[in-house]
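In: Fold the following, please.
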Amino acid sequence: MAPLGGAPRLVLLFSGKRKSGKDFVTEALQSRLGADVCAVLRLSGPLKEQYAQEHGLNFQRLLDASTYKEAFRKDMIRWGEEKRQADPGFFCRKIVEGISQPIWLVSDTRRVSDIQWFREAYGAMTQTVRVVALEQSRQQRGWVFTPGVDDAESECGLDNFGGFDWVIENHGDEQRLEEQLENLIEFIRSRL
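Out: From the prediction side, this is the model:
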């Protein structure tokens, strides 16, 4: 049985390394489909909000790509892991509350337990999308390997998942990316 929120027609779970372009891709899809049809959901949103509340931090600053967020990233990861170990669906349930759009794009799926939760809750409506980018492309977007972050489960938990329903290559070739987005949009529209 699906938890709180409307019944979606399609749930796309996006994953990928830092600076691979997950947010870019999900925002591009929402822009083309419309916010009335398509909701972008971020598992990191409720995590950051709860973490900020418990640690007396600025929640809004934890949402952007700032050095402020980076200063707390390792501890946020540790804290989030503790919450997930106690309740694997904690953050998943939070993001779907009150969502009424028929298409859900979860922009930051990071663990097998996230995928399992959505598959159990929404079954065949759930599809996985892996966004990949060459290390060089990620570096051009500002990525620098950070020990304790880039080798943690939050970045590596789906590296060996395999069997993604969709793989979006985001290496910097705009035409190739556009073709892939068009294919995905066509599929999404077939579910409306």
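In: Which helix or strand contains residue 122?
Out: Here residue 122 sits within helix 112-122, counting by DSSP states H and E.
In: Show me how far the following helix or strand past that helix is from its chain's centre.
Out: Using DSSP H and E, the helix or strand that directly follows helix 112-122 along the chain is strand 126-132. Here the centre of strand 126-132 is set off from its chain's centre by 9 Å, with C-alpha atoms, centre = their mean, to the nearest Å.
In: Would you mark the buried spots in the longest helix along the chain?
Out: If you go by DSSP state H, the chain has its longest helix at helix 67-86. Along helix 67-86, the positions that meet the burial threshold by neighbour count (16 or more other C-beta atoms under 10 Å) are 69, 72-73, 76-77, 79-80, 84. From N, CA and C alone the C-beta is placed, and that goes for glycine too.
In: Just put these in CSV and tack on pLDDT.
Out: Putting the buried residues of helix 67-86 into CSV (pLDDT from 0 to 100) gives the following:
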residue, pLDDT
69, 85
72, 91
73, 85
76, 90
77, 85
79, 92
80, 89
84, 86
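In: Can you name the two of those residues that sit furthest apart?
Out: The two members of these with the most space between them (C-beta to C-beta) are 69 and 84, at 19.3 Å.
In: Name the residue most distant from the centre of this protein?
Out: Computed with C-alpha atoms, centre = their mean, the residue of the chain farthest from its C-alpha average is residue 56, at 25.0 Å.
In: residues in contact with that one?
Out: Listed by C-beta atoms under 8 Å, 6 or more residues apart in numbering, residue 56 has no contact partners.
In: So for it, what pLDDT did the model give?
Out: On pLDDT, residue 56 comes in at 94.
In: cool, and residue 145?
Out: Per-residue confidence at residue 145 stands at 93 (pLDDT).
In: how far away is it from residue 191?
Out: Using C-beta to C-beta, to the nearest Å, residue 145 is found at 38 Å from residue 191.
In: for residue 113, same thing?
Out: As for residue 113, its distance to residue 191 is 25 Å (criterion: C-beta to C-beta).
In: More neighbours: which of those two?
Out: The residue with the greater number of neighbours, taking residue 113 and residue 191 and applying other C-beta atoms under 10 Å, is residue 113; the counts read 16 against 13.
In: Please give me every residue in contact with that one.
Out: Taking C-beta under 8 Å, 6+ apart as the test, what residue 113 contacts is 84, 88-89.
In: If anything else comes up later, I'll come back, but that's it for now.
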